[in-house]
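Colleague: Here's my sequence, what's the structure:
(one chain, ligands or ions: 1)
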Amino acid sequence: MRSMAAAAMLKRCLTNPRPFLSSSSLSPSLPLRGPLSRFISTLVLAEHEGGLVKQSSLSAVAAAASINEEKSVTVLLGGSGPSLHKAASHAASCHPLILQVLVAEADILVHPLAETWAELVHLVHKQSGFSHIISSSNSFGKNVLPRAAALLDVSPVTDVIGISEPRLFTRPIYAGNALCTVRYTGADPCIITIRSTSFTLSSSSSEAKSNAAPISQVDLSTFDEGSLPKSRWLNITSQESERPDLANARIVVTGGRALKSAENFKLLEKLAEKLGAAVGATRAAVDAGFVPNDLQVGQTGKIVAPDLYMAFGVSGAIQHLAGMRDSKVIVAVNKDADAPIFQVADYGLVADLFEVIPELLEKLPDKK
Ligand SMILES: Cc1cc2nc3c(=O)[nH]c(=O)nc-3n(C[C@H](O)[C@H](O)[C@H](O)COP(=O)(O)OP(=O)(O)OC[C@H]3O[C@@H](n4cnc5c(N)ncnc54)[C@H](O)[C@@H]3O)c2cc1C
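Modeller: Residues are numbered from 1 along each chain as shown. Reported below is the predicted structural model:
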């Protein structure tokens, strides 16, 4: 796809750190422009469901597009069947900077097994050579990309929340209590996982729709399935729910240990139904068995940034704040006026949740 001369020049540019290290020659807050931008080519490892690219992968596309203002983003989708092709069409028209969509069609790629997908990323990079490979920092990206990085002998930069230059990133450390600026100085490809709450893709523009990127098949003839099956997909157990997905919900109502039982958590579920919200929980509530662990918000749970986050009986430990402090409006109800949650709350109510929730249920209208 790219000429040998361009590849050699790209290698020279990237092994000589000057063009990227000189912060005086480039605005740190702007994507790269000019001749160097030609050498940026980003692969987005995307997930799809029901014929659509998942929201978290659209965030990865937004992050990729923020690296370079030229058409340089390739989206990789895998799986089989009609939903894969529908998702490829969605990907092709979701952003004007998408250069192409690559479809890897194989039954072995239907399930997100890290070994298989890391091999695929390795293969696709060998075929096309990318300067960057990006995925969302969810369980899929966190599972696949470090393994792909090991196969490609590079170090991934994980959990990126800001991109100021093509190889200069911001990521949280110490459970979000400090932000760290990381410059990637390794060889190509620069592999990153991004926090989807930090990158949003505006709804597809009409330009993108009328100018859909080409879709091509990945050549899987050298994909060595024989050496792969160190792990096997058995099944997935998930709870069917009409409520919105916790990671993408506009409103989240979260309960802590103070709820005391799974039975009492149903109060929160009723409130969530009235508000059209997702239900979240602290680790203490999960560990006590009140709710399943896929509802956990925090450092070792999900990272959320809804428009409204309501915390009932949540102390506000730093590990919990790490998962929700970017929420636009935070409301906290806690009996203890000194609870740390009040330090991040926009609205705080010192009260007993067992009085507040029934009152809210009584006064809020039913969802139409
Ligand atoms: C490595 C590590 C990772 C972790 N990851 C996470 C994580 O991802 N997510 C997470 O949440 N935690 C995580 N934790 C645990 C975290 O440190 C806290 O223990 C946990 O968040 C506390 O949960 P809680 O607020 O529900 O419980 P508690 O700390 O027990 O707080 C309960 C709160 O409810 C209030 N309360 C009690 N009764 C009432 C009432 N009737 N009405 C109103 N308020 C009431 C109390 O005043 C108190 O503030 C992690 C810990 C470690 C060490």
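Colleague: what's the burial count for I192?
Modeller: The number of residues packed near I192 is 29, by other C-beta atoms under 10 Å. Bear in mind the C-beta positions are built from the backbone N, C-alpha and C, glycine included.
Colleague: who's in contact with the host helix or strand of it?
Modeller: Assigned by DSSP states H and E, I192 belongs to strand 190-194. Strand 190-194 has contacts (C-beta atoms under 8 Å, 6 or more residues apart in numbering) with 59-60, 63, 131-137, 141-142, 145, 148-149, 152, 154-161, 166-167, 169, 184.
Colleague: now swap in stretch 359-368 and tell me
Modeller: So stretch 359-368 is contacted by L267, K270, L271, E273, K274, L275, G276 (C-beta under 8 Å, 6+ apart).
Colleague: Buried residues in that stretch, which are they?
Modeller: L360 (16 or more other C-beta atoms under 10 Å).
Colleague: near the ligand at all, that stretch?
Modeller: No. If you take C-beta under 6 Å from any ligand atom as the test, stretch 359-368 misses the ligand, and the best it gets is 12.7 Å.
Colleague: average pLDDT across that stretch?
Modeller: Per-residue pLDDT over stretch 359-368 has a mean of 86.
Colleague: Check stretch 106-126 too.
Modeller: Mean predicted confidence for stretch 106-126 is 93.
Colleague: and if you look at stretch 199-208?
Modeller: 63.
Colleague: what does the chain have sitting close to the ligand?
Modeller: So far as C-beta under 6 Å from any ligand atom goes, the chain lies against the ligand at 256-258, 282-285, 296-301, 313-315, 317, 319-320, 323, 333-336, 339, 352-354.
Colleague: again, only using 8 Å
Modeller: Remark: the part of the chain in contact with the ligand comprises 175, 255-258, 260, 281-286, 296-301, 312-320, 322-323, 333-336, 339, 341, 351-354, 356, using C-beta under 8 Å from any ligand atom.
Colleague: re earlier: want to throw the contacts of stretch 359-368 into CSV with secondary structure, pLDDT and neighbour count?
Modeller: As requested, the contacts of stretch 359-368 are exported to CSV (DSSP: H, G, I helix; E, B strand; the rest coil; pLDDT from 0 to 100; neighbours: other C-beta atoms under 10 Å):
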residue, secondary structure, pLDDT, neighbour count
L267, helix, 95, 19
K270, helix, 95, 16
L271, helix, 96, 22
E273, helix, 93, 16
K274, helix, 93, 15
L275, helix, 94, 19
G276, coil, 93, 14
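Colleague: And the helices in the protein?
Modeller: Secondary structure of the chain by DSSP state H: the helices cover 4-15, 18-21, 55-65, 82-92, 114-128, 139-152, 206-210, 262-275, 283-287, 318-321, 341-344, 353-363.
Colleague: among those helices, which is the most enclosed?
Modeller: helix 55-65 (a mean of 25; mean count of other C-beta atoms under 10 Å).
Colleague: mind giving me the domain split of this protein?
Modeller: Here the domain assignment for the chain is 20-227, 251-363, based on automatic domain parsing.
Colleague: got the ones you listed as TSV, with distance to E242 columns?
Modeller: Compiled in TSV, the domains of the chain are given as follows (distance: least, C-beta to C-beta, whole Å):
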stretch	distance to E242
domain 20-227	15
domain 251-363	8
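Colleague: which residues sit in contact with A311?
Modeller: Neighbouring residues of A311 by C-beta under 8 Å, 6+ apart: T254, G256, M324, I330, V331, A332, V333, N334, I341, A345.
Colleague: I'd like these as a markdown table, with pLDDT and distance to L84 appended.
Modeller: Below are these laid out as a markdown table (pLDDT from 0 to 100; distance: C-beta to C-beta, whole Å):
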| residue | pLDDT | distance to L84 |
| --- | --- | --- |
| T254 | 98 | 35 |
| G256 | 98 | 41 |
| M324 | 95 | 34 |
| I330 | 98 | 39 |
| V331 | 98 | 41 |
| A332 | 98 | 43 |
| V333 | 98 | 45 |
| N334 | 98 | 47 |
| I341 | 98 | 43 |
| A345 | 97 | 43 |
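Colleague: returning to what we had before: can you tell me which of the contacts of stretch 359-368 comes closest to the ligand?
Modeller: The ligand lies nearest to L267 out of those, by C-beta to the nearest ligand atom, at 11.4 Å.
Colleague: Tell me if I'm right that that closest one and I357 touch.
Modeller: Yes. Counting by C-beta atoms under 8 Å, L267 touches I357, with 4.9 Å between them.
Colleague: Quick check: which ranges of the stretch 1-150 of the chain have low pLDDT?
Modeller: Along the stretch 1-150 of the chain, the parts satisfying pLDDT under 70 run over 1-38.
Colleague: Looking at it, what residue ends up closest to the ligand?
Modeller: Closest point on the stretch 1-150 of the chain to the ligand, by C-beta to the nearest ligand atom, is S139, at 13.7 Å.
Colleague: Tell me who's in contact with the residue in the stretch 101-250 of the chain that the ligand sits nearest to.
Modeller: Closest to the ligand within the stretch 101-250 of the chain is A175: 7.6 Å, counting by C-beta to the nearest ligand atom. When contacts are counted by C-beta under 8 Å, 6+ apart, A175 touches Q299, I318, Q319, L321, A322.
Colleague: separation between the closest residue to L220 other than its chain neighbours and F130?
Modeller: Distances taken as C-beta to C-beta, 6 or more residues apart in numbering place A106 nearest to L220, at 5.8 Å, with adjacent residues excluded. Counting by C-beta to C-beta, to the nearest Å, the separation of A106 from F130 is 21 Å.
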